[in-house]
Every structure is written in structure tokens, then in C-alpha cells.
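>>> requesting a structural model of the entry that follows:
(chains A, B, C and D)
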Amino acid sequence: MTTSKVASMHDAIAELVRDGDTVAIEGFTHLISFAAGHEIIRQGRRDLTLARLTPDLVYDQMVAAGVARKLVFSWLGNPGVGGLHAIRRRIEAADQTDGDSAALDRLELEEYSHFGMVARYTAGAANLPFFPLRSYFETDLPVANPLIRPISSPYGDEVVYAVPPLKPDVTIVHAQRASAGGDTQVWGLLGCQKEAAFAADRVIVVVEEVVDERVVRADPNRTLIPGLVVDAVVIEPWGAHPSYVQGSYDRDNAFYLDWDAISRDEERLQGWLREWVHDLDGRAAYLEKLGVERLATLRPGSAPSGSVDYGEYR
Amino acid sequence: MTTSKVASMHDAIAELVRDGDTVAIEGFTHLISFAAGHEIIRQGRRDLTLARLTPDLVYDQMVAAGVARKLVFSWLGNPGVGGLHAIRRRIEAADQTDGDSAALDRLELEEYSHFGMVARYTAGAANLPFFPLRSYFETDLPVANPLIRPISSPYGDEVVYAVPPLKPDVTIVHAQRASAGGDTQVWGLLGCQKEAAFAADRVIVVVEEVVDERVVRADPNRTLIPGLVVDAVVIEPWGAHPSYVQGSYDRDNAFYLDWDAISRDEERLQGWLREWVHDLDGRAAYLEKLGVERLATLRPGSAPSGSVDYGEYR
Amino acid sequence: MTGAAFTPNEMMVVAAARELAGRRVCFVGVGLPNIAVNLAKRTVAPDLELVYEAGVFGARPARLPLSIGDPTIVTGATAAVSMFELFAFYLQGGLIDVGFLGAAQIDRFGNINTTVIGPYDNPTVRLPGSGGACEIAINAREVFVIMRQSARSFVEEIDFRTSPGNLGGAGAAATRRRQGWLGRGPTVVITDLGVYRFDTDGEMRLELLHPGATLEQVRASIGWEVRVADGVMATPAPTPEELRLLREELDPGGVYLR
Amino acid sequence: MTGAAFTPNEMMVVAAARELAGRRVCFVGVGLPNIAVNLAKRTVAPDLELVYEAGVFGARPARLPLSIGDPTIVTGATAAVSMFELFAFYLQGGLIDVGFLGAAQIDRFGNINTTVIGPYDNPTVRLPGSGGACEIAINAREVFVIMRQSARSFVEEIDFRTSPGNLGGAGAAATRRRQGWLGRGPTVVITDLGVYRFDTDGEMRLELLHPGATLEQVRASIGWEVRVADGVMATPAPTPEELRLLREELDPGGVYLR
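The predicted structure follows:
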């Protein structure tokens, strides 16, 4: 009954991501859609504003590839490893000498804390003009970012801070499974994917597998994002590699460590992008190049959730 | 390792619910702890402020029993049937002629909309001084309740409304299962039990069954309330009757219909309270009086959720 | 005249269900809206997504829900979520096409009272209050009202404005825009006598008269001089299939439509 | 002197873990705090509830998490929730006893910089930024800081205040109260040379000196004239069991503590 929204990654990105868009590829360390990031690079999008709590390697790669003019974020790093060097080169003074024709374009930054970013998506999803929170007191963050503003409570004389709504043009999330209509289920870390999806104008869901709608409807509490707000469903097993998918594969930590060395050297980084993104026509080629042996080492053991009974009421 | 918080209903109410408290028995049509409401009546608590989106039959009974001086709510009724007559007698003019010594004490009311109540619990749980929402424009609700106040956005000239936090002294919820330490899992309607529990000073969880901690930990996304905020776990199968528990039993609609007639007549109502609450020493006696045949008709068929895999990562 | 082949309540619910043709996402209220929406899902709008304020999106109730929190709305649904999420993201976030409301009192501009008859502090009748109605009226893209009509319910002035409709009439659209509401307010009122839509100045006007009902009955049960469309049409009578669904599947006990 | 039976980093992590004795709920930061908290859970604080900002309460990691979002923190945990819920209800709601932070720069009052070295708009070094640190510093009941010390990191003036500590010193408690913060700020700083606590006027003071470290090393690696407690004590050396856990279970590759 429901229309299928299944599309290839090529078509989903071609149709739904436009130059100049604000794009959020969300997922907190887990379920990061590297597959979508690489396709955006491959299609040569420009002037994107990239929003994400933790830019991670995928944004380092996208920034290095020249698709972005601005970052909106709360923590900039290679989790558990170190810095994001391509991004740092677009920020730090040594690479940013004004008037130096060799200098890279400076990346525009809009910076919050984690809860600030989560609150921004929440305000976006709930159509609120602001969201209040108890962060930022006595810090330099409201100075660095004047969009973080004090707000007085209408009850008593308390003052807290507010952040403005974030409504991405496109939110892209990776998930364990969805129906062809886009009803999406996730387990493990939930991050702020739900809020980022509801806040967005367009939503692409990339999944390990498409399942029959009955699988989703058997456990309605597990649904994170309804097809109602989803524009395309892309089937891309291993699409979150080198990040991980709870229950499906582990983080490929070797790559996170390798990236530190690759990304410190602009030339080597560009070579990596050529070899692993531009010269490949999609995720299948990436996986083939990576090799099944490497992927096999990332499979976890089994830890089943068990089943509960919703009851049949007729 | 974790200390057991399992207690009898008698002891949990005796220890944790005090005269004058603000008490929230939450659960939206589903999982309403009638067992706890009846025990509060039995122990003769007085001057309670009863908070709940939908007061339902349990609050009609508690108000009739004289435990409450005030209601905080958003929808007052017998869902799908009609009005709550005991409560109405404490509100409507005909029963409230001033100076009439036969008149019942007028019930104090503090009234919101559903989202307003949910937002109040959310602000309470999140330690926010207010919560903003787009309700109440051009209605008489902010006139009837001056705690509903306009608030200006610090971005642009938008004005929305705010509600103040609600922090019950005690929140009581019914759930399908919990560990002895109070880690509580719910499926089906989630209502605002999570928010009401986090907002409260004390929390009582009443469950159909206590399960091994491993059952909870096998599916961490299913956990609604952590034992961290729970003070007592009461094991009371069928404790939500005549409301329902998803997967365990259906609403006993015959009782909802019966209550309409019982509650229209103050004398008959008081007789019911004597027979079904005061003269019984607890829930076991209530169930015995109700009879196994009646309970058996409320069992639903089976509709299993299916299991997902979280993966073992060592 | 059709004789007694169907009751006015059945006609009302059938007319309401038909209004949902072409709509995608409907926020279902308690009582009569519940039956109308479930009928629509079985007739003119099979792909309609039912949203219940209890926290359910994409419900597929296997029986007529006894209340808006019946377990049958959960089993087999697309999503069961917290009420925060339902109200914040689905409703306030602008995803609801139609909000379906009942009422105790309504005025010519579609403003609704479900709170009190008489003064708020000392009411003659204490009604349920807003529930989710006030926010549905503000945030749903459009609002359908379903209620039996009588001089007590269709009144010149409502005793309490629980849910805003077209406010004072002509300026309502401008107020909604200025205050940033997502919804355009009530678009249709379905009663046991007929169907009303709203003029550009925000006042309701009779468009359809149910078989068996007369203009005299309509006028006698409205507390203001009601507008009647030129060439008011007769509502097509319920089809045998519509009646069968109501009587055999949705309300077999005749509890709601007797 | 103990010879080279353990490294300064090992001593630092062990000292940090011991500080968690008697604490109930700990918000775990990335990096060294992650190891210290996981060691505490296996030694002085077996009932410690580990909270990860990724959205996990009651984690029981079967291996040392590679990052604060490792899948091993989810499997077997008490609850895996949205980040909204984690930050709003657990942290801002006041349920966290100890927030454990690392830092690039710290001043004498425990104010922390993890944002930039140099000017914000044209930094010499761009650091990760706040993440959850700024809200942990404000809302956790108390804050533990763990970091290697050097004249570059223990500075007279930090370049950017990401996470507030004792602000300008003596008035900090009053400011926190007035603004309604739940937390009382940093209570201990654990480094590779020693352990510091805070005087009533909000300034840190050396309380414990690690075996092998000297007061001269301490003074040479702090950018202000550091306070030293009368009768500063020696930190008890790591026990064989603490070292075994670090080396065999938590960091077998020596990635963090080499």
C-alpha cells in the first residue's frame, strides 16, 4: 500500500542534496553514514554548511574534498585518537595567513556544546523559536557565538541560556533497518537522529537492510523515525564503515588510527580521496576494495534483546 | 550487587506518600496504578494535590474518599464513557452553594492542556525554570490559569507561551516489569511516565513482575526509568485493573461503564469504596473478590515484538 | 425522505468520514471523531495515517478503540512514542493535516468550548477541559469539527474559549500568521443535520443538508441567524457498505450511534 | 623512589580511580577519564554507575571502550537513551555525582579550556571544543579533572574558558548559587605528578605527590606560584592488582598509558 521510497545512493544524493544546503549527517560515533558523505564528495557538491555534534572523519574527508564552507558543531575530533587535521588546516593560523595566496579558505565555524546542539535540533523538530538550557554560564562560548543568548524565566528572576532552532535542509542517518516506506528502527545509541530528522526539510535514511513493514509494526516502540518524514531509503550494508552499527559490526579502529597519519599530510589525504572515493563508483566498489577478510573481523558475537508481547486486541 | 527495593504496597505508600504531598499517578489510559490509589485511600492520606493529565476513575475515587484538596490536570473524564461525577460534585455550582453547610469542599483546580502538562513534567525532569510551547494563543486558558505566561523569543519578535516546571513529591507508575533495583521497562503507550518520574522527589514503580537484571540489560533501549530514581518496587500483578497493561490484559470496560452509574450517586459511591477499598486489606483480596473468571476474559492474544541483536563486543 | 434506514448520528459520522478523502495524516480525537476516522480508513482514505495523542502514529486498530488510549491502537502501529514526542514533533512540528475535534459549544466562527458551562470559577457544568484540543486547533493544518447541533451547543457566545477557531471572524487569518500558527483553523463542521464550511470572513455557512433534516430544524438549533449557501445540496445518504461497517464492525453494540 | 615499576601515566590513572571510592554516579569523559573510571569500577567502586554522554546509563563495558560511543558500552547496560534525555534529565536534572573531565589548559581556579590555543578567530591550535564539558562543569555535583601537567597546560590565564571552574576564586560559590547551578565545581585535579584539592577561596593546592615526582618538577610545570599543603603526603604506589588490571584488561596494547 505504502509507496516505496527505496533509491540508489547516487539518485538520493543527486535529488535531495543541493549546493549551499545545510546538511546534517548525524549519528553519535555509531551509525555514521560514510557512504552518503562519500557520494556527496563524488557528486561535487559545493558551499555546504555541515552540521553535526561531532564532525568525525566523514566531515574531515568532506571538508578536505572542498564541499563545505561552514561547520556547525560541538566537538571536533577523531574520537579516541586525536584531531581532525584537514579541518584544523582550514582553521588554524599557520595555514590561514591572510593575504597568502597559498592559504586555504578559512572554514566558517558556529560552535555550541553537545546539549546546545541537541537542543537546537529539538527546537527545530518542535517548531520552537528557541530552546532553554542551563549551559554556558560564565564561559566564553556566548562570546564566541552570539547566537547563544540569555533568556529570563517568566517565573521568578532566573536567567538561563537559549539556543536557536536548527533546521537542516537535509538530514542523513544510517540505521539498522527500515521498511520500504521509510519507517526506521534503530537500537543501541540513539544520539539525536530523531530530532535531526524531524527538524529537517528532507531526510535520507541509509540502512543495513530493508524489512517488511510487518517487522517494524511488530515492535512500534523501536521505531525512531516514521516514513512520514523520510524522502529516500538507501540500502547500503556496511554503509557506516569505518564507524559501527550496533549488533552488525564494530568500529574499524585501525582506520581511525590510519586516518590520523593520512590526514596530517594534505597530499596524502588527496591521494586517499582519489583512491577511495573519486575513483570508485559507489559503496559496493569500496567494500570490494576493502576486502571481505577485513570486514569479517568486525562482526560481533550475538547478544539478543529477547522478545516482548504487545498482545492482540480484537 | 544492587540493593533490592522491593516493598509491599502498604509499606511503600506508608513510607513515601505523606499528607499534603503533590502526588502524580501517571499513565495515559494504560498502566494506571489503581492499586496504589486504593492503598492511599486505605491509609487515609489527606490534603493531597493530585497531578495527572487525565484524572480518570482512580482520581474520582480518591477525591470521593477525601484524600485530595487540589487537582492539576488537562482532561477530566471517564475516557470513552463520560464525566467524573465525584470530582464534578466538588466543582459545580449546584453542589457548591456558598454558605450551604451541606456543600462539599470545593476542589482547587490548576488546569493546562495535554502538551502543557507534558511540558511541565519535562521542565521538572530537566531542572528548567519554564518550558516554551505553541499552545494557548487566543484561548481563555491563560486567563483561567495565570501560571500560563507569554514569553518572548530572544531571536526575532516571536512570542510563545511558557508553563512552569511540575515536580511532584511522589510519582507512581505501573509497568510491565522491573528489576529488583527498580530498572523499569515499559512497552506500548509511553505517555509521560518517564518525565513524571525524573521530575519527582520520590518514585514508586508498581509492576506486573520483577525480572532478573539480565532481562533488563538484554534490551537497554526498552528501559523507561532507571532504578537510580526509583525508591520502591511493588509487585502487584493486575495492579492496573480496571485500566490495562499492554500485552498482559485489556481494559475492563464494563467497570468503566459501571462507574458512571455508581459515581452519580454519592451514597452508592461511598458504599463501593467501603466494599472494594476500605473493607479489603490489599490488592490480593480485591482480585479474589473480582474473581478469576472476570480476569480471564481480559487476557489478549499474543503479538510478539521479535528480537534484535545488540552484539557482543569484547 | 429516506425513512428510518439510518439514524442522524450515522449520517453525521458517514459525512465526517467522507471529508477525509485525500487527507494523509489525521489526529484522532476521542468519541465521534474516533468512529469517523476509523470509518474513513475503511472507505475513502485507506492510506490515512491515524495519529492518537496517546503517542501512536500509523495505528491499525483491529477493533473500534474504546478510548484514544486503547491497546488495539498500539499493536501493529508504525510507531509508539512518548507524548512529548507526539505533541512536540508530530503536532507542533506541523505534520498533522487534519485535527478532528468534538465540542460542547461552538460559535459562528468555529471557536470551541470544552471546558465549562457557566463561569469558570463556579460552573453549572464542568466539562473535560482542553486535553490536546487547544494545541490541535492551533497546530493542525486544518480542523474538522464533529458535534450534534442544538441551541445549547451552537451559541452566539461560548462560555469559555478552549480551542481557537476563526476568532472574531475576518481578522483571524492575519492573527494566525502574525503569531506564527501553522494551522488555518476550522474548515468544516459536521453535525447530525448538515455540513458547514467557512466563508472568507470566517463565519460558518450551511453547505449540505442531511436527508431527513430541514432548514427549519437547522435554524431552530442554532443560536444565531445562520448563513445558508445558495443552492444548499442534500448530503448523499449513507451507502449500504458504510452502514454495514458502522453497524457490524465499528459499533456493533450501538454504543455510540444508537 | 620506586624505580620504574610503573609509569607516571599509570600512577595518574590509579590515583584518579581511587578518588571515585564512595561515589555512585559518574559521567565519563573521553580519553584518560574513561580508563580511570573503568579501573574504579573494577576496584574501589564496583557499584559505580557509569554514564556516557552518548546516551548510556549503567554501562558494563566488556572491554575498554575505544571512545565514549563504543558499542561495548551499550550491550548489557541498564539503559540506552536519546542524548536529549541524557543531557536534560540525567545531567541537567542533577543525577550525576561526579563529572570527569580532561583539559588542554587549566588555571589555578580550575577553569578549563578545551577550545583553542591563541585567539578564537585565528587560533594557533584548534582544540575539540566543549562537547559536553561545559554542561558537565555546571551541572555535575562535583567535577574531577585529570590531565598531564606542564607549563603549557597549567597556566596563569587560559586562552578560552570552555568549562567554568571556581571562576575568579572566592566568589565562585556565591555566583553558582545565585545562577542556580547544581554543581559545586571542581573538587580534585589529578595529574601525572600529584593530586590537588581546592582551598575555600577556590584555588588549587597540592595534597599528594606521586612516588618519583618532586616539588621542583611540580613548580616547574605550573605557570603560577602553586600552593602546597603543609605536610604534603606521598600517593600510595599502584598495587600489583591495579597495575594488572590496567596492563592486562584495560589497556593491553599500551595505547593510552605507554
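>>> okay, and the closest residue to A:V230 other than its chain neighbours sits in which element?
Taking CB to CB, 6 or more residues apart in numbering or on different chains as the measure, A:V230 lies nearest to A:G182, with 3.0 Å between them; neighbours along the chain are not counted. For the C-beta atoms, the positions are set from N, CA and C on the backbone; glycine is no exception. A:G182 belongs to no helix or strand when assigned by DSSP states H and E.
>>> OK, contacts around A:G182?
A:G182 makes contacts with A:K5, A:V203, A:V205, A:I225, A:P226, A:G227, A:L228, A:V229, A:V230, A:D231, A:A232, A:V233, as judged by CB atoms under 8 Å, 6 or more residues apart in numbering or on different chains.
>>> what's the most distant pair in those?
Pairwise distances across the contacts of A:G182 (CB to CB) peak at 14.5 Å, for the pair A:P226 and A:A232.
>>> more neighbours, the two?
Applying other CB atoms under 10 Å in any protein chain shown to A:P226 and A:A232 shows that A:P226 carries more neighbours, namely 27 against 21.
>>> tell me which parts of the stretch 1-150 of chain A are close to chain B?
A:N127, A:L128, A:P129, A:F130, A:F131, A:P132, A:L133, A:R134, A:L147, A:R149, A:P150 (CB under 8 Å from any CB of the partner chain).
>>> swap the cut-off to 7 Å and go again
A:N127, A:L128, A:P129, A:F130, A:P132, A:R134, A:R149 (CB under 7 Å from any CB of the partner chain).
>>> likewise the stretch 1-150 of chain C?
So the stretch 1-150 of chain C meets chain B at C:30, C:53-55, C:66-67, C:69, C:71, C:74-75, C:80-84, C:87, C:92, C:118, C:120, C:122-126, C:128-132, C:134-135, C:138-139 (CB under 7 Å from any CB).
>>> can you check the stretch 201-314 of chain A too?
So the stretch 201-314 of chain A meets chain B at A:215, A:218-219, A:221, A:246-247, A:250, A:300-313 (CB under 7 Å from any CB).
>>> one step back: which ones among the residues of the stretch 1-150 of chain A next to chain B map onto strands?
In this view, these that belong to strands under DSSP state E are A:P132, A:R149.
>>> tell me the buried residues within the residues of the stretch 1-150 of chain A next to chain B.
A:N127, A:L128, A:P129, A:F130, A:P132, A:R134, A:R149 (16 or more other CB atoms under 10 Å in any protein chain shown).
>>> pretty sure the third one sits against B:V160.
Right, A:P129. Yes: if you go by CB atoms under 7 Å, A:P129 and B:V160 touch, sitting 6.4 Å apart.
>>> intersection of neighbour lists for those two?
Jointly contacting A:P129 and B:V160 under the rule CB atoms under 7 Å, 6 or more residues apart in numbering or on different chains are B:S153.
>>> mind listing what residue 125 touches?
All of this is about chain A. A:E195, A:F198, A:A199, C:A88, C:F89, C:G93.
>>> switch to chain C, that's the one I care about
Contacts of C:V125 (CB under 7 Å, 6+ apart): B:E92, C:V116, C:I117, C:G118.
>>> what's the closest of those residues to chain A?
C:V116 (25.6 Å; CB to the nearest CB).
>>> got the contact list for the nearest residue to C:A80 once chain neighbours are set aside?
Spatial nearest neighbour of C:A80, excluding adjacent residues (CB to CB, 6+ apart): A:P220 at 4.0 Å. By CB under 7 Å, 6+ apart, A:P220 lies in contact with C:V74, C:A77, C:T78, C:A79, C:A80.
>>> phi, psi of A:P220?
Phi and psi for A:P220, reported as degrees, to the nearest 10, are phi -60, psi -20.
>>> look up how far C:G58 lies from it.
Between A:P220 and C:G58 the computed distance is 8 Å (CB to CB, to the nearest Å).
>>> now for those two: what residues contact both?
C:A77, C:T78, C:A79.
>>> double-check that the first one belongs to a helix.
No: counting by DSSP: H, G, I helix; E, B strand; the rest coil, C:A77 is not found in a helix; it is coil.
>>> contacting residues for it?
A:R217, A:P220, C:V56, C:F57, C:G58, C:A59, C:R60.
>>> any residue of the helix or strand harbouring C:L39 up close to chain A?
Applying DSSP H and E as the criterion places C:L39 in helix C:32-42. No: Helix C:32-42 does not reach chain A (CB under 7 Å from any CB); its nearest approach is 11.4 Å.
>>> please export the C-alpha coordinates of whichever helix or strand comes after that helix as PDB.
Remark: after helix C:32-42, the chain's next helix or strand is strand C:49-52, criterion DSSP H and E. Provided in PDB are the C-alpha atoms of strand C:49-52 (Å, rounded to 0.1, in the frame of the first residue of the first chain):
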ATOM      1  CA  GLU C  49      -2.300   7.700   8.900                       C
ATOM      2  CA  LEU C  50      -4.000   7.800  12.200                       C
ATOM      3  CA  VAL C  51      -2.300   9.700  15.000                       C
ATOM      4  CA  TYR C  52      -3.500   9.300  18.600                       C
END
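>>> ok, the helix or strand that strand C:49-52 is followed by: who's next to it in the sheet?
Of the helices and strands lying after strand C:49-52 in sequence (DSSP H and E), the nearest is strand C:56-57. Strand pairing for strand C:56-57, determined by DSSP bridges: strand C:49-52 (antiparallel), strand C:79-80 (antiparallel).
>>> residue contacts, residue 106?
No chain in the question, so chain A it is. A:R90, A:I91, A:Q96.
>>> I was thinking of chain C, sorry if that wasn't clear
C:I106 touches C:I112, C:V145, C:M147, C:S153, C:F154, C:I158, C:V189, counting by CB under 7 Å, 6+ apart.
>>> a markdown table for the residues you listed, including distance to B:R264?
Formatted as a markdown table, those follow (distance: CB to CB, whole Å):
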| residue | distance to B:R264 |
| --- | --- |
| C:I112 | 26 |
| C:V145 | 29 |
| C:M147 | 23 |
| C:S153 | 22 |
| C:F154 | 27 |
| C:I158 | 26 |
| C:V189 | 31 |
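>>> which SS class is the closest residue to A:T122 other than its chain neighbours?
Excluding the flanking residues, the one nearest A:T122 by CB to CB, 6+ apart is A:E195, at 4.9 Å. Per three-state DSSP, the secondary structure class of A:E195 is helix.
>>> for the helix or strand where C:R244 lies, C-alpha coordinates in CSV please.
C:R244 is part of helix C:240-244, with elements assigned from DSSP H and E. The C-alpha atoms that make up helix C:240-244 are tabulated as CSV, following Å, rounded to 0.1, in the frame of the first residue of the first chain:
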residue,chain,number,x,y,z
PRO,C,240,-25.1,0.1,2.4
GLU,C,241,-21.4,-0.6,2.8
GLU,C,242,-20.9,2.5,5.0
LEU,C,243,-23.8,1.4,7.2
ARG,C,244,-22.5,-2.2,7.3
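>>> do a quick rundown of the helices in chain A.
Using DSSP state H, the helices of chain A run over A:9-16, A:34-42, A:56-64, A:85-89, A:114-125, A:141-144, A:193-199, A:213-217, A:253-264, A:266-273, A:283-290, A:292-296.
>>> now the ones you listed in a markdown table, with mean pLDDT?
Below are the helices of chain A laid out as a markdown table (pLDDT from 0 to 100):
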| stretch | mean pLDDT |
| --- | --- |
| helix A:9-16 | 98 |
| helix A:34-42 | 98 |
| helix A:56-64 | 97 |
| helix A:85-89 | 97 |
| helix A:114-125 | 98 |
| helix A:141-144 | 98 |
| helix A:193-199 | 98 |
| helix A:213-217 | 98 |
| helix A:253-264 | 96 |
| helix A:266-273 | 97 |
| helix A:283-290 | 98 |
| helix A:292-296 | 96 |
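>>> since that was my last question, I'll sign off now.
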